[in-house]
Structure formats: C-alpha cells, structure tokens
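A.B. asks: next one to model:
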Amino acid sequence: MAKKCVVSLFIVFLALGLGCKSNTAPDKASLKGTWRATKAEFTSLANPATKADVVALGGTVTLVLNDSTAVLTVTKSGESARVYNASWSSSIDMLTLTWTSGSSGQSQFDFVLNGDHLSMEGGHLSFDFTAGNFEEAVLALEFVRQ
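C.D. replies: Numbers count the residues shown, from 1 in each chain. Presented below is the predicted three-dimensional model:
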C-alpha cells in the first residue's frame with residue numbers, strides 16, 4: 001500500500017512539473033535571427049469578427065531580431081511591403097517591441113519559443129482591413145526560424 005502511494009505521489013508531482021512554465025526567460029541569443037511567419041492573423045479591435053491572415057491570403061511577414069533592434073515587414077499579396085522598425089526586449093513570456101518607425105508606442109506579445117518555432121500573440125498594431133483605412137488590430141503570429 002505504501003509503495004502504491006509513493007508511486008502515485010511521484011506521478012502527481014511529475015505531472016505538475018511538466019505542466020508548469022519555466023521561470024527563466026529564454027536567452028536573448030535564442031530569439032535573435034530571421035523569422036518567417038506561417039500565420040499572421042490580424043483581428044480588428046473594433047470588430048473582432050473582422051480578421052485577416054496575411055500569410056493565408058498569399059502575403060508574407062518576416063521578423064528580424066538583432067541585438068537590440070527589430071524589423072517587422074508585412075507584405076500583403078499584390079502590395080508594397082510595410083516596414084516597422086523597433087527596439088525590443090523580452091522577459092519570461094513577454095516580448096515587447098517599441099516602435100521607432102512605421103508605428104508608434106509599444107506592442108507587447110505573449111510568446112512561446114520552442115526550438116525553431118516562435119509563437120507571438122496579443123500585440124496591437126494598425127492594419128489596413130479595407131484599402132486606405134488603417135485601424136487598430138490584435139496580432140497573432142506563428143514563425144519558423146530561417
């Protein structure tokens with residue numbers, strides 16, 4: 001009976017440990033590099049039913065993270081690239097882009113880094129849902145390292 005309790009307790013602690021997030025931020029060097037989006041979904045803040053996934057619509061999105069600067073390039077299918085420059089920082093699960101051109105203010109993303117896959121969501125950025133009419137949107141991104 002005691003052996004079963006010990007084994008059961010071990011399984012419970014193991015399960016709890018596997019479900020917890022790390023308490024340490026990824027090394028900044030592990031985030032640096034060029035990332036290509038496999039998903040780049042903008043959701044209108046004013047009307048959450050209005051969504052556009054630039055990648056699914058034939059466009060491209062890349063994010064280049066250097067030591068302290070970032071460049072986000074959004075190219076909608078058939079249109080010129082829109083380039084956003086920023087400084088960046090990260091904590092355990094938050095990546096902050098402070099825009100220096102292309103936009104203003106900050107965009108804070110919850111992020112998960114898993115090897116060569118980077119997921120970011122929750123950051124606000126303006127997006128052109130209808131030609132010439134930029135509005136605030138929430139962005140969800142899935143990237144692979146290049």
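A.B. asks: you'd agree Glu135 is up against Ala52?
C.D. replies: No. Judged on Cβ atoms under 8 Å, Glu135 makes no contact with Ala52 at a distance of 11.3 Å. C-betas here are computed from N, CA, C, even on glycine.
A.B. asks: need the residues touching each of these two.
C.D. replies: 127, 129 (Cβ atoms under 8 Å, 6 or more residues apart in numbering).
A.B. asks: so where's this protein shaky on pLDDT?
C.D. replies: By pLDDT under 70, the weakly predicted segments of the chain are 1-25.
A.B. asks: could you report the neighbour count for Gln146?
C.D. replies: 11 (other Cβ atoms under 10 Å).
A.B. asks: would you check how far apart the closest residue to it other than its chain neighbours and Ser91 are?
C.D. replies: Leaving aside its chain neighbours, Gln146 sits nearest to Thr34 (4.2 Å; criterion: Cβ to Cβ, 6 or more residues apart in numbering). Separation of Thr34 from Ser91 (Cβ to Cβ, to the nearest Å): 22 Å.
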